[in-house]
Structure formats: structure tokens, C-alpha cells
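A.B. asks: Pasting a predicted model and its sequence here:
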Amino acid sequence: MARSAVPAAAPDVAALRDRARIIRRHIVEMLHEAASGHPGGSLSAVEVVTALYFGGILRHDPENPEWPERDRFVLSKGHGVPVQYAALAMAGYFPVDELRTLRKIDSRLQGHPVLGTAPGIEASTGSLGQGLSIGLGMALAARLDDMDSRVFVLLGDGECQEGQVWEAAMAAGHHRPANLIAIVDYNKFQLDGAIEDIIGLEPLAAKWESMGWKTREIDGHDMQQVVDALEWSTQAGEPVCIIAHTVKGKGVSFMEGDNAYHGVAPSNEELPRALSELERGDPEEENARALGSADVLDRAEASIDASAESNGKGGGR
Amino acid sequence: MARSAVPAAAPDVAALRDRARIIRRHIVEMLHEAASGHPGGSLSAVEVVTALYFGGILRHDPENPEWPERDRFVLSKGHGVPVQYAALAMAGYFPVDELRTLRKIDSRLQGHPVLGTAPGIEASTGSLGQGLSIGLGMALAARLDDMDSRVFVLLGDGECQEGQVWEAAMAAGHHRPANLIAIVDYNKFQLDGAIEDIIGLEPLAAKWESMGWKTREIDGHDMQQVVDALEWSTQAGEPVCIIAHTVKGKGVSFMEGDNAYHGVAPSNEELPRALSELERGDPEEENARALGSADVLDRAEASIDASAESNGKGGGR
Amino acid sequence: MNHLYPGRTFGKATRDAYGEALRDLGRDHEEIVVLDADLAKSTKSATFGEAFPDRFFNVGIQEANLVGMAGGMASSGKVPFISSFAAFVILKGFDQLRMAVSYPKLNVKVIGSHGGISIGEDGASQQSVEDVALACALPDFVVCVPSDEHQMRAVVKAAFEHHGPVYIRSGRPKAPLVYDTTPEFAFGKAATLRDGSDLTIIANGLLVAAALIAAERLAEDGIEARVVDMACVKPLDEDAVRSAAEDTGAIVVAEEHLLHGGLGARVAQAVATSHPVPMEFVGLDDTYAESGDPAGLMEKYGLTWKEVDAAARRVLSRRTAGAAR
Amino acid sequence: MNHLYPGRTFGKATRDAYGEALRDLGRDHEEIVVLDADLAKSTKSATFGEAFPDRFFNVGIQEANLVGMAGGMASSGKVPFISSFAAFVILKGFDQLRMAVSYPKLNVKVIGSHGGISIGEDGASQQSVEDVALACALPDFVVCVPSDEHQMRAVVKAAFEHHGPVYIRSGRPKAPLVYDTTPEFAFGKAATLRDGSDLTIIANGLLVAAALIAAERLAEDGIEARVVDMACVKPLDEDAVRSAAEDTGAIVVAEEHLLHGGLGARVAQAVATSHPVPMEFVGLDDTYAESGDPAGLMEKYGLTWKEVDAAARRVLSRRTAGAAR
Ligand SMILES: Cc1ncc(C[n+]2csc(CCOP(=O)(O)OP(=O)(O)O)c2C)c(N)n1
Ligand SMILES: Cc1ncc(C[n+]2csc(CCOP(=O)(O)OP(=O)(O)O)c2C)c(N)n1
Ligand SMILES: [Mg+2]
Ligand SMILES: [Mg+2]
């Protein structure tokens, strides 16, 4: 995370997994404290965000958040911001304690990211569909200035239904900045239910490719795959989209794939359960889970089927 | 054009070509009279519109424009409306004489289509990108009512840069109405210049296919190909996109591929030249031109190259 | 939010009443179709969707397409009720509302839920503070901001009976009751909830209950305020505005909206063209709000009975000063 | 349109002046980037594009993406000037202007060309009658409607010198001259073009020249009208409004815009909170216009000096009636 142009050494994937676990703890704790917010889509993005901030990918400087030559991370799916706040706090942008102020009056930690409030936030989002355009603007600005800053934009899968995403994708496919990387958190759910029941996205890679992007599909919870894909993305020399297959609510068993937790914070009873699951940070065990990419996808599909039946819960806003 | 569910006989392609020629005459005359408007994109769409209205494709009834079971034609690229007005007048929706009122105060023939003014207009357009959503709404409404009305939506190629087009495309790919047909008037130019210089669309068919549409590419000036594709489209049983390769300004030599005529009406000097070219309606000769689909594409490319140099002209608004 | 409305009973959120009223209408009217953009559980259009799945379309996160589809359905004879958060359906669908609904005067009802800042913790990106300004800029649209669940039911019924475009703002939190039962309601007609001769408070949405409380406090000091529920912002009840000006000589307008382009601006124009009197405005002054609990936000951004009360005293002292000159 | 402005000399269209002023600024300021959405030849941003192709981006027919990209560039230190027709950049880019520009208060300048109905034949879909209402609903935005080429140059300069979001409406037709040369100009400061004690006419855009003509006609009948060019709609020059009310006791506001949410509405609120006086408004009453020649449309929709003149006489007779009571 230092201001080094090249990461010193290959990232320590086991250490990253441990950090991911701690970030998950911060997420459930801060959402419980706020008594509102979006656990599902925060938890599904943990590995991607952890790898970016702590895997030597993002060149940034917590001491100097406005360092002009930094890489940018734009969280287009703004409701997932707890994962970014956790990462920023752990990286030193602000005290970890401040996480408790999430969503409270006068806090710098707004419910959706706001540029100019918490240091490290690069764009105001929360109205879905806008981040890739902003990222494209940043990428082209860097190119104009001959800076090699890279811009990473994290999108939701439901968010990919917004037309503006495809405007930006098409425009980037035309201008071909070598420093723009989109990542889709493909957790198979949106607010009202399963993506495939509302507006399916498949074939998703073909959509991005038809817009002129190079794509790669990964298991978004396999830290090694995440790190590799991100490293590859910075070398591609053209716009790249990483489609990260993930599980909504990942890491908290009762939230995994239960879309009721899209926008409902853990209750007083749920918090200790969630935390105790995230305590068992047995690296071996986590390793085994993270490697099970086929398993992850199976589970996502199973949960899609399940949700088709039980749509009594969910939403919460 | 009668209220028959099945066209009586195979359309007479030679007669359609002649009608197309007359429609072109109406276009240049009405634009000259209005002294403003968009010749280029009106002329490129003539064969498609002629085939729809006069080739037994569109089931409609000029005596009863609101016949609930009619097929709908939505001109999403609203600035091309002169071609539709000409077709509607010739089909009997209103007197051909009324074409002279185009763009004048109190006229039913607004500069862009307005639902509720001229009979036969199905949607208000002119702000690009909206027609496919409207058409999808119509297609689903017909499906709800168990009507087999079909909806044809004509889009500009530049218009396909709008995100809303891809929202509607994705939504249609999901809902899969069997009665929705998109046609792209792929004339290779938008307002400020060549598509490929501003935001290229290739691979265009792949974009539509990735959204779940069946596609077919045709020479949009070859009347036989146009008629065949439209007939095929009504049988496809799923959303279909016809990509019609065309030449902007088609039929008026000095307008063909010269994007200065995107939005500039023919002058007093140009009108007779244009009309005399459209007079020579020698069917043999027209046939030969229309068949030259390779030639058409070559010409389009040549004109793109040309425009890259001479961007002094154009626009006009 | 109870402490902000001392002495008032709370009913349902207007969004809940909306969902129920819509489902009830749906029983008798096959032509009603409902569309939502991945917020059906929040806007409560899901209440209709569960009852009539065939006539319910969740179009995903595509507000522009949502509006366009509704236009196409309306021109084919359907009566679409479409919803999302106010901040999305009006702000991302504006040009589509213009072209596909307002300009052709089609029969589409637009419901923007989670209006205002009282939605709380989600913060500014989800809080609509400008939906009324935008909706009123759509010619031929009727625009309403109901104050409680009972009035919402009346507004939904009126919207269905009116042939043409209507915008209704609904709210997320439970709303203090203003009415005991479904009131009489017509577009362009305000409801006088309390009479008074010293000044008039015109309000809508949550500010109506705040206005009633303020009026009680003012009465304790011998100031008699008329309170008018102007749920229908467009068309405005110009007669009610004129009488307020003529009879009471001072007007306060209060709303959960930017000062720009909302109820206050429209009343100000009506007052200026009929019978000019001093006015004060309660609303948001060129600012978004932020994350926080609903009550805390309403207090921080000055949208409680206290600001209405203060505005009333301000406008009265201005009137007196004016008269003295 | 000459016959609508008897006795006035015409200058360039404000869009032409915009293109030139922008190109001139571009010479000295590397940080300026210009984006357009396939209307560069019409908005005249192409004038900059031809001079500085590296800093010019034609983003195609994508108004939402246009605004988002500008936000990203601004947060990276660029100063984007972005343009399209007012009807597209403001109406299709509204939510993006909110999230990517207004809310983070970024340094983006938005130029909506072809404002109003005087664009003529293209008809309602291209005529922006509501851009001011929407732009003023974006907190922290400065909003300007210049009246002629000279003032446009001053506004562009002020926009560049101001750090923050600015919206400028430009027009398609040649505009009657109001100034001889580039005037002094500051945001929030109106220009009094003519003094008078009987009433004040506040206007912007093409209506300023109309107001000057109306004032001359009124003077022939012994009515002395103050004429104020309120190019800057937001922030409003509240001192100028208050003085107008206090000094002249009657106000007419005239603009090429819906009556809702524009200059008139904002002046009405300022008058109501300072010094209430009778007012009349000239503008479009909840309607779009149509296709037609610009002059014919301005006449049909009541946006000429004649309606300003009539409104002035109306407001005066109301004031007299009021005084008599
Ligand atoms: C423009 C817009 N429409 C609707 C919403 C409300 N909303 C918040 S989250 C969400 C679902 C997002 O789904 P997805 O992008 O898949 O996110 P994730 O599953 O990662 O939570 C919706 C519809 C919004 N924030 N913005
Ligand atoms: C939303 C929107 N943006 C911009 C315009 C202005 N405009 C009118 S025609 C045109 C170019 C359209 O190009 P294309 O779709 O290729 O049409 P064609 O070449 O057939 O004329 C543009 C940008 C518009 N009408 N609507
Ligand atoms: Mg998702
Ligand atoms: Mg084209």
C-alpha cells in the first residue's frame, strides 16, 4: 500500500485471507452498530477489496490520500461501502474506531460513499450505474497527463442492468485506456431477488467482450485467483473486466445466499453468531473453503432456486 | 396495408422500389419546403419503411389508425420522421399535400414525431434512445392481452450509443416477447461525424446477441433482402434485430455519405438536382444499384475516410 | 420520530398505504399494470405484485427503461403505476417522463417512494429533495405529496380516476395521522384543517402534522393560524392561496423539499399574482442532507414544528412592521 | 426574428460566443478539457475541439456518461466544460449531475445549448423549457442565462474563475444586442440596464431585449420601468430584488422558460420574504411548444415585448387597485 510503483514481493495470500476475515468482522460489527445497511453485498466483495488494498495492487498513500499519481478505486455499487471503510481504516486512512460512526449524523462515514467526506473515497455513489463513467473520466485524465495511475471500478451484478454502465463500457471500448479495470461482483442477487429471475445477465462475459473489453472469470472468494486476476488486469494494456463469481453474504453462514440480508443489518442475536463464525479463522479451513470454487458456484445456484420460493423476507428498506 | 393477418401474396419488389423512389422525392421536397430537417437519416431508412408499410409486413388500417390489434411502428430515431410522414401520407393516413406543412406552426407534422398529432404516429421521439423501451412496453401489453400485434422499432446507429437502448435490449432479452423487432439503420454516421471515429459500434451483432436477440445483417437498400428479413423477423418467435447496412443520404448523389446533410435541407439549387436524380427511376438501373451490396458498404467506408478529412461542413443546427 | 410530533398518533407509512390501495384497485381494474425497478419490496408495489403477478413487472435496475415501457403500455390501453425511489424514478427517468408520458399526456401514474430526508440512514444519494421541483416541470402532470396513510388512499383513488399523468411522493417512515379516515380529496383542492385569522400555514407531507402542532403552540400565545394541507402541489388550489392571503395576511409554507421549485415556490407565485403578503418558507436551503436517524435529520435540517412555529412568528412580526410603516 | 425586436441590432448567437470564449480560455489554461455528446457542431464546443483536439472528447450520444466522465476528470484536477442541447444534458444527465458534480461540488461547467423554444423547427423534443428549474435544483450550482454574446463572454470567464459547478444556457438564434462590449459581470449580481420608478422588469436571455423595448413603449405612455438583466438565476441578487420591490412597488419577470421553477419563481420567493408587491410573470404556462419558425413560436407562446408590456400594465393596474382599497 506504499507509494511504490511495483509491489515489493508476491503478496502473502494467507495473510490476505486473514485480513479478509477481519474486514468481515468489521463489516458485521459496523452494520450492527448502525442498525441498517447492506451486509450481503459488502461481504461478497471482501476478497476483491482486500486484495486491492493489501495485496500490493492499489498504489496509494494513506498519509497523502490526494497523491495525484495514486491509483483510484471507485466503488460503483456504493451500498457496499462498509467493506471499503473497513479496508480504509485498516490501511490507516482513519481510526478503526471511527467505523462505529457509520450512518450516524455528522459522521464522515456516510451510508453510501461521498467524495470529500471520508479520506480515501474517490467518488460519490449510491445511485447505481454511475461509477464506470467516473472511472473512465479518471482514466482518460491520467492518460492526458501521462500518468500511469490505474482506475479500478467495482460494480454490482444487478447494477449491470443500468444502461449507463454500457454507455461507459462502450466508450471505454472505443477510447481503450490501458488503465481502466472493471470488476463485477457477480453474487447472483439484486435487491428484490435473484438476478436471473429479474433480468438475467448471461452471457455476461460476451456482453463486455462485445463492448471491446478483455474479460476473465474467477472465483471471487479464492484469494489467489483474485490477486492473480488483478495483477493480470494491470498488465493487459486495454480495458479489462474481471467477473468475480461470489456469494452474497459470504462468510456468515446464515447470510450466505439469503437475500433477506441484502439490506438488513445483523440483529443483537445474530451479531455474536456471525462474529463467532468469523473467529474460527483457522487458515486451513478457510483455505479449503476458498478453494472450493465449483462449490461456491453450486451454492449460489442453489440459493437462487431457494429464493424463488421464499420471497417473504428481504429488502428491509 | 389492409387489416389482413397474412399478406395476400408475395410483395412486388419492383413496385416497392418505385414507391421508395417516390418517398425519396417526398422527403427532399418536404425538407426543402421546411428549409430545415434531416435528409441523410431519412433517406437511408427509405427501403425499410417502404417495405414495412407497403410490403405487406405491417398490419395496419389507415381508416382506423387506433385499431387495437394493429402492428406498431415506432420510429426511435425521430429526426428521420420525414420518411414516415411520406409513407403515412401515401398509405392514406392524411393527404399528401399536408407534407408541405412539415415543421410549420400549427402543423400536425412536427419536426420529430409526436404521439397524438399526425395519425399513424405511435410514439413521441426525438430525444434519442427511447423508442425500444416504448416498443417493449407495447409488445408486452399485446402479450398480456393475447393479441398477436407486432412492434417494429427503427433505431439509428448513433442512437445505439445510448444506454437506454441496451437497458431495453437486455430487458427484452429477458422477457423474450415474440413480437418485438428492432431494426438498426446502420448508415455509419451520426451528427458530428463517422460512428467509428466517435464511438464505434462493432461488433454490433455480437452486442445484440449478447443481450439475447437473434440478429440478421442485410443490405438495407436491397428491397428483396429487406422484405425477406422483415418477413423472417415476424416468424422468429423471439426478439430479433435486423442490422440494415445503409448509406446516409441514399438516392441523392451529393448527399450520399456526405454527413453535411445530416441536418441541412436541400437548397433551392439542390432541390432540382435531387429531384431529377430521383426522376430517372429506371427500374433496371435502380435494380443494379440496389443489388450492389458490397458496393454500398465500400462506399460507406470510403465516405467515412473522406469525412475524417473534410469536417468543415455538417451539423447545421 | 415520535418526539418530533408531540401528542400525535402515528399511522402507517404512506408507502404501505400505497401498496394496499393499489392492490385493492387492482382487483376491479384489469387494465392496471404495475412496474418497479428492483425496489418493489421498498416501494410496496410488491403488495400488488404478490396479488397479481401477471400484471406486475420488476424491470430491474433500469429507471429509464421503466418509464419508457410504461409509456408504451399506456399507449396500448394499460394503466401503468410505476415506482422506484423518488430519487431514481424522477431523477434518472426525467427525460423519459417528458417524452414518453408528459408530452403525449399518457395515462401513467408515477410513485416516488422514500421521498424527502426522513428516509434516514441511507444518506443523500437515496434522499429525494428535488422530486417535486422536477415533477412540476413536466407539463400536464398532477403532483401530490400526501400527508398520511388515509390521504394517500384518497390520492391513489383520485389518480386512477384521473385520465393523465400523475406523480405521487410516498414516504418511508410511519407518518403521524392527520386524518381519522379516508378524506374527501380532489386534485387542485386543498384541505383546511384548522381555521385562523392571524396567518396561514400551508404544508404537505410530514410537515402538515408539524404545522398542526405549531398552530397549537401559537394558539397558546393567542396567535390563530389557519392550517392548509396542500397535498396537491400541481394544480395548485389558487383560491385557497388567495383566501389565505386575503383573510390572514401572512403565509408560511413548509415542506420536506428544497426551497427551490417546490410547494413554497408555487404558492409564492400564486400569492404574488393575487394578493401579495409577507411569506416565510421552511425547507432545505440549497443543500442535500446526509446519513442519520430520521428524527435527527429532520431536526438538524430544520423540518420540525419548531421551525414552522418560528417562521410563523417571523412572518407575523414582518407583517406588523410593514403595517407600522 | 428581427421584427420581434424593433430597433435592436443583432449580434451573434450566444452559442457562437460561447465557442469562441471557450477556445480563448483554452489557450491559457491547459487544465480545461471539453466534452460534448455528438452535438459539438451545434453547441459550438467544436470551436474548442478544432483548436485543441487533444483536450476535446466527443463522447457520442451518451449524456449520462458525458456527465459521469466529467465528474471523474474534475476529481483528477481537470476543469471540464461539457455541452449538449439543454434538453439532453440537463434532462438526461440530471442524476449524474447530482451525484458526480453537485453533491461532491466538483469544478464542472455545464453548457446547455439550444435553450428555450427559439430554436424553432425541431420542435418540443429539442426545446428545453425546464432546464433552469432543474439546474437550480442542483445544490451549489450557479445557474446563468446570458442575454447576448457580450454577456456570454463575461459569463464564461466568470464560470472559469469560479471553483465549483456552473450551468450556462446558450441559445441557437442570433441574439439582439443588450451590451456594446463585454460587461462587468459577477455571479449573484444583476445589471440594471435602465432605471425607472413605476415598476421593475426583471428578465434574462432573449427577454432582456424584449424588456428594453417594452420599457421604451411604456415610457411613451409616461410609465417609467426599471429593467434588470438577471442573467444569474442562482445565486439570485436578492438586494436587487428587494430594491426593485421597495423602489418601484411592482415587478414583472420575463423568461423563455416554464413559469414553474425558473427566474420568476425564484424572484417571487425573494420578494415574498423581503418586501411583498404585486407581480406578473411572462413565460410558458405548463406547456411545451412545437415546431415552427423561431419568431412565430415566440409570438404564439407569448414571449415577446408585447406580453412584457401587457404584463407591466397589468401589474400597475393591480398596484393602483390595491392602493385604492
Ligand atoms: C439507480 C438505483 N436504483 C435503485 C437503487 C436501490 N438499490 C440499492 S442496492 C440495489 C440492488 C443492487 O444489486 P447489486 O448491484 O447486485 O448489488 P449487491 O448484490 O452486490 O448488493 C438496489 C436496487 C439504487 N441504489 N440506485
Ligand atoms: C438524446 C439525444 N441526444 C442528441 C440528439 C441530437 N441528435 C439528433 S440526430 C443525432 C445523430 C443521430 O445519429 P444516428 O442515430 O446515427 O441517426 P442517422 O444517422 O440515421 O441520422 C443527434 C446526436 C438527440 N436528438 N437526442
Ligand atoms: Mg448482486
Ligand atoms: Mg447514423
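C.D. replies: Arrived safely. Here the structure is a predicted model, which means the values were calculated and not measured. Ligands and ions are numbered 1, 2, ... in the order given.

A.B. asks: where do the strands sit along the chain?
C.D. replies: Going with chain A. Secondary structure of chain A by DSSP state E: the strands cover A:72-75, A:151-156, A:180-186, A:214-219, A:240-245.

A.B. asks: Correction: the question concerned chain C.
C.D. replies: C:10-13, C:32-36, C:56-58, C:79-85, C:109-113, C:142-144, C:166-169, C:174-176, C:191-194, C:199-203, C:225-229, C:232-234, C:251-258, C:279-284.

A.B. asks: Arrange those in CSV, one row each, with distance to ligand 2 and mean pLDDT as further columns.
C.D. replies: In short, each C-beta sits where N, CA and C put it, glycine included. Listed next are those as CSV, based on distance: least, C-beta to the nearest ligand atom, whole Å; pLDDT from 0 to 100:
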stretch, distance to ligand 2, mean pLDDT
strand C:10-13, 36, 98
strand C:32-36, 22, 98
strand C:56-58, 25, 98
strand C:79-85, 21, 98
strand C:109-113, 21, 98
strand C:142-144, 25, 98
strand C:166-169, 22, 98
strand C:174-176, 38, 98
strand C:191-194, 41, 98
strand C:199-203, 38, 99
strand C:225-229, 39, 98
strand C:232-234, 26, 98
strand C:251-258, 26, 98
strand C:279-284, 30, 98
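
A.B. asks: Nearest to residue A:91, out of these?
C.D. replies: Closest approach to residue A:91 among the strands of chain C is made by strand C:79-85 (32.2 Å; C-beta to C-beta).

A.B. asks: Name the residues that touch the closest one?
C.D. replies: Outside strand C:79-85, the residues that touch it by C-beta atoms under 8 Å, 6 or more residues apart in numbering or on different chains are B:137, C:18, C:22, C:29, C:31-40, C:42-43, C:45, C:48, C:63, C:66-67, C:69-70, C:73-74, C:89, C:93, C:107-114, C:126, C:128, C:160.

A.B. asks: what lines up beside it in the sheet?
C.D. replies: Strands adjacent to strand C:79-85 in the sheet, as given by DSSP bridges, are strand C:32-36 (parallel), strand C:109-113 (parallel).

A.B. asks: one step back: tell me which of the strands of chain C sits nearest to residue C:133.
C.D. replies: That would be strand C:251-258 among the strands of chain C, by C-beta to C-beta, at 6.3 Å.

A.B. asks: List the strands paired with that closest one, with their directions.
C.D. replies: Counting by DSSP bridges, strand C:251-258 is paired with strand C:199-203 (parallel), strand C:279-284 (parallel).

A.B. asks: Tell me which of those is the most buried.
C.D. replies: Sort the strands paired with strand C:251-258 by mean neighbour count, taking mean count of other C-beta atoms under 10 Å in any protein chain shown, and strand C:199-203 sits at the top with a mean of 31.

A.B. asks: got a list of contacts for that strand?
C.D. replies: By C-beta under 8 Å, 6+ apart, strand C:199-203 touches C:147, C:190, C:210-211, C:214-215, C:223, C:225-230, C:240-241, C:244-245, C:247-255, C:263, C:267, C:308, C:312, C:315-316, C:319.

A.B. asks: Repeat that for stretch C:117-124.
C.D. replies: Counting by C-beta under 8 Å, 6+ apart, A:34, A:36-37, A:103, A:110-112, A:114, A:126, A:317, C:1, C:114, C:126-127, C:129, C:171-173, C:206, C:256, C:284, C:288-294, C:297-298, C:301, C:303, D:103 sit against stretch C:117-124.

A.B. asks: give the contact list for the one residue in the stretch 1-150 of chain A that gets nearest to ligand 2.
C.D. replies: Per C-beta to the nearest ligand atom, the residue of the stretch 1-150 of chain A with the smallest distance to ligand 2 is residue A:133, at 15.8 Å. By C-beta under 8 Å, 6+ apart, the residues touching residue A:133 are A:164, A:167-168, A:171, D:64-65, D:67-69, D:71-72, D:96, D:100.

A.B. asks: isn't residue A:26 right up against residue A:96?
C.D. replies: Yes - with contact defined as C-beta atoms under 8 Å, residue A:26 reaches residue A:96; the gap is 7.3 Å.

A.B. asks: Those two: which has the busier surroundings?
C.D. replies: The neighbour comparison of residue A:26 against residue A:96 (other C-beta atoms under 10 Å in any protein chain shown) goes to residue A:26, with 22 against 15.

A.B. asks: Distance to ligand 4 and mean neighbour count for the strands paired with strand C:79-85 - can I get that in TSV?
C.D. replies: Putting the strands paired with strand C:79-85 into TSV (distance: least, C-beta to the ion, whole Å; neighbours: other C-beta atoms under 10 Å in any protein chain shown) gives the following:
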stretch	distance to ligand 4	mean neighbour count
strand C:32-36	31	27
strand C:109-113	32	28
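
A.B. asks: Are any of the contacts of strand C:199-203 buried, and if so which?
C.D. replies: C:147, C:190, C:210-211, C:214-215, C:223, C:225-230, C:240-241, C:244-245, C:248-255, C:263, C:267, C:308, C:312, C:315-316, C:319 (16 or more other C-beta atoms under 10 Å in any protein chain shown).

A.B. asks: Would you tell me which residues of the stretch 151-300 of chain C are close to chain A?
C.D. replies: Neighbours of chain A within the stretch 151-300 of chain C, by C-beta under 8 Å from any C-beta of the partner chain: C:172, C:290-293, C:296-297, C:300.

A.B. asks: Among those, which one has the most neighbours?
C.D. replies: residue C:291 (30 neighbours).

A.B. asks: Could you point out which residue ranges in the chain have low pLDDT?
C.D. replies: Just going to use chain A. A:1-9, A:280-317 (pLDDT under 70).

A.B. asks: try again with chain C
C.D. replies: In chain C, residues with pLDDT under 70: C:324-325.
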